[in-house]
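Colleague: Sharing a model that was predicted from the sequence below.
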Amino acid sequence: MNSSGVKLNRDFYERDDVVSISRQLIGKVLCTRIEGQCTAGMITETEAYCGRNDKACHANNGLRTSRTETMYGAGGHSYIYLCYGIHHLFNVVTNREDSADAVLIRSIEPVEGIKTILNRRNRIHMEPGVCNGPGKLTRALAITTSLDGTDLLGDCIWIEDRKKTFPDSVIAESARIGIDYAGDDASRPWRFYLKDTPWISRR
DNA sequence: CCTACGATCTGCT
DNA sequence: GCAGATCGTAGGG
């Protein structure tokens, strides 16, 4: 797909610091190959969800159900769930089997398959509104809950390192969005985004 | 079985 | 800025 890209390997995902991984995913490229269509976008915004000790995480307090099961699996798989009955949200599962850490991908800047992305989003022209939100980018890349549990080392959904590096000084952190119910964990600075880009959901 | 609600987006005022 | 969409999940009876 892109000769300069190197697919992230299992070792990247299986490390135990989900907050660091969340920050490191900024600048990486999320790719899908679905129904013959290749699409990709550079990750510009993420949020870390810290397993059973995080009140905002679906696996809080060790909650283990058919929905949360994939979060307990090995790092490097997808955790995709339906939000508000409409939106398919995509997460990267991290850490070893039995932990339940994950990174929510919140925004991307499209870099490949622009026509396909515009079609899926029902738009004519590319602009930040096409992919600046967790429900928007899944629509753009054709990611749905039927792909929950997908191995990110396969050829359907994966993440590439294209050697585009950003210094820490251009990466901002903030509280996570839309988790007011999470008590003291609601204010933890586990959201990361590129400071100087329009391709994010909020300032 | 029943009810409440959500890691959001869109369109309208 | 705000309401409505829309349905799977979780929790309680």
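Modeller: Thanks, I have it.

Colleague: which strand of chain A spans the most residues?
Modeller: Ranked by residue count under DSSP state E, the longest strand found in chain A is strand A:37-50.

Colleague: can you map out the helices along chain A?
Modeller: Here chain A has its helices, by DSSP state H, at A:10-13, A:18-24, A:114-121, A:134-141.

Colleague: and the last one, what other elements does it pack with?
Modeller: The reference is to helix A:134-141. strand A:29-34, strand A:37-50, strand A:78-83, strand A:87-94, strand A:101-112, helix A:114-121 (3 or more CB pairs under 8 Å, 6 or more residues apart in numbering; DSSP states H and E). No exception for glycine: its C-beta is placed from N, CA and C like everyone else's.

Colleague: so, in contact with DNA strand B or not, it?
Modeller: Yes. Judged by CB under 7 Å from any atom of the strand, helix A:134-141 and DNA strand B are in contact via A:134, A:135, A:136.

Colleague: could I get these as a markdown table with neighbour count, pLDDT and distance to DNA strand C?
Modeller: A markdown table is the format used below for the residues of helix A:134-141 next to DNA strand B (neighbours: other CB atoms under 10 Å; pLDDT from 0 to 100; distance: CB to the nearest atom of the strand, whole Å):
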| residue | neighbour count | pLDDT | distance to DNA strand C |
| --- | --- | --- | --- |
| A:134 | 24 | 98 | 14 |
| A:135 | 16 | 98 | 9 |
| A:136 | 19 | 98 | 13 |
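
Colleague: Which one of those is nearest to residue A:58?
Modeller: Nearest to residue A:58 out of the residues of helix A:134-141 next to DNA strand B is residue A:134 (CB to CB; 14.1 Å).

Colleague: who touches the closest one in this structure?
Modeller: Going by CB atoms under 8 Å, 6 or more residues apart in numbering, residue A:134 touches A:83, A:87, A:89, A:90, A:104, A:105, A:106, A:107, A:201.

Colleague: Show me which pair in these is furthest apart.
Modeller: Farthest pair in the contacts of residue A:134, by CB to CB: A:83 and A:107, 15.3 Å.

Colleague: neighbour-wise, which of those two wins?
Modeller: residue A:107 (24 against 12; other CB atoms under 10 Å).
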